[in-house]
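S.K.: Predicted model, plus sequence, below.
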Amino acid sequence: MLRTGLQTALRMVYPPRCLACGGLVEQDNGLCASCFTQTPFITGLVCDLCGIPLPGQSDEAVHCDSCLSMARPWTRGRAALRYESVGRRLVLALKHGDRHDIVGTAADWMAQAVPQSLPDDTVVIPVPLHLTRLLRRRFNQSALLAQAVARRLGLDYMPDALNRTRRTESLNGKSRDARYCELSDSITANPRRVQKLCGRPVLLVDDVMTSGATVSACATACHAAQSGEVTVLVLARV
């Protein structure tokens, strides 16, 4: 009874707020009706490699033109949201606004987007940040998402499996080729984790996928460590 009373008092002082707009909602870590209808969840037919929405229907795996035009070093990929409207607002709030309260709900959406049941020995790995960027931002949003996703799926989480050995320039506004060139040889497997990666399937987690250059560099590093198949999971797809 005391605990219930304290929870009621806290709700009176700090009522639940919509993750996107800050309006009042009934439950913690949720969206109001208006924001929910504007959240671009990805449903229906998607590219089996990068998760981008596609028109039509198919009972077989299909690939988008971009994935058909270039080899992808991962096996399957999915995204929970399109990077627009409320989806974009949530990603930016998490990445640049220290909104860690978004992580739990975002991880729920991402876990539901996983393309199939993953092997029990799958290890969940986040896209790494360079040390200087990590010190400036104070956290890695991809690591927060990866940890929460691993917890929901009951899988092992390895936050330090990959290292970003070279600080890269911002990829904003760069072409696909420029992104791949910038990230070339910038991510490697952590020598202390290579043995634990060997032969194990990987679920690679990031916040946003644009061209796929970042997750490509990470998947290549995993394969260099002789990992098993790599599946990519992101919160939002541009």
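M.R.: Received, thanks.
S.K.: I'd assumed Leu129 was in contact with Arg137.
M.R.: Yes - judged on CB atoms under 8 Å, Arg137 makes contact with Leu129 at a distance of 7.1 Å. Yep, even glycine has a C-beta here, placed from its N, CA and C like the rest.
S.K.: Neighbour count for those two, which is higher?
M.R.: Neighbours were counted for Arg137 and for Leu129 using other CB atoms under 10 Å; Leu129 has more, 18 against 13.
S.K.: Can you say which helix or strand has the more buried one in it?
M.R.: Using DSSP states H and E, Leu129 sits in no helix or strand.
S.K.: Pull up the gap between it and Arg82, please.
M.R.: For Leu129, the distance to Arg82 equals 24 Å [CB to CB, to the nearest Å].
S.K.: Equivalent analysis for Val103, please.
M.R.: Val103 sits 19 Å away from Arg82, going by CB to CB.
S.K.: Ok, Asp48 next?
M.R.: Asp48 is 17 Å from Arg82, by CB to CB.
S.K.: Domain map for the protein?
M.R.: With domains defined by automatic domain parsing, the chain comprises 1-38, 40-237.
S.K.: The last one - what's its average pLDDT?
M.R.: Translated: domain 40-237. What domain 40-237 shows for mean pLDDT is 95.
S.K.: what are the ranges of the helices in the protein?
M.R.: For the chain, the helices defined by DSSP state H cover 2-13, 33-37, 65-69, 85-96, 102-113, 131-137, 141-153, 176-183, 194-197, 213-224.
S.K.: Now render these as JSON lines, adding distance to Arg237.
M.R.: Compiled in JSON lines, the helices of the chain are given as follows (distance: least, CB to CB, whole Å):
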{"stretch": "helix 2-13", "distance to Arg237": "35"}
{"stretch": "helix 33-37", "distance to Arg237": "19"}
{"stretch": "helix 65-69", "distance to Arg237": "11"}
{"stretch": "helix 85-96", "distance to Arg237": "9"}
{"stretch": "helix 102-113", "distance to Arg237": "10"}
{"stretch": "helix 131-137", "distance to Arg237": "22"}
{"stretch": "helix 141-153", "distance to Arg237": "14"}
{"stretch": "helix 176-183", "distance to Arg237": "14"}
{"stretch": "helix 194-197", "distance to Arg237": "26"}
{"stretch": "helix 213-224", "distance to Arg237": "11"}
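S.K.: Just the buried positions in stretch 177-191, please.
M.R.: 179-180, 182-183, 186-190 (16 or more other CB atoms under 10 Å).
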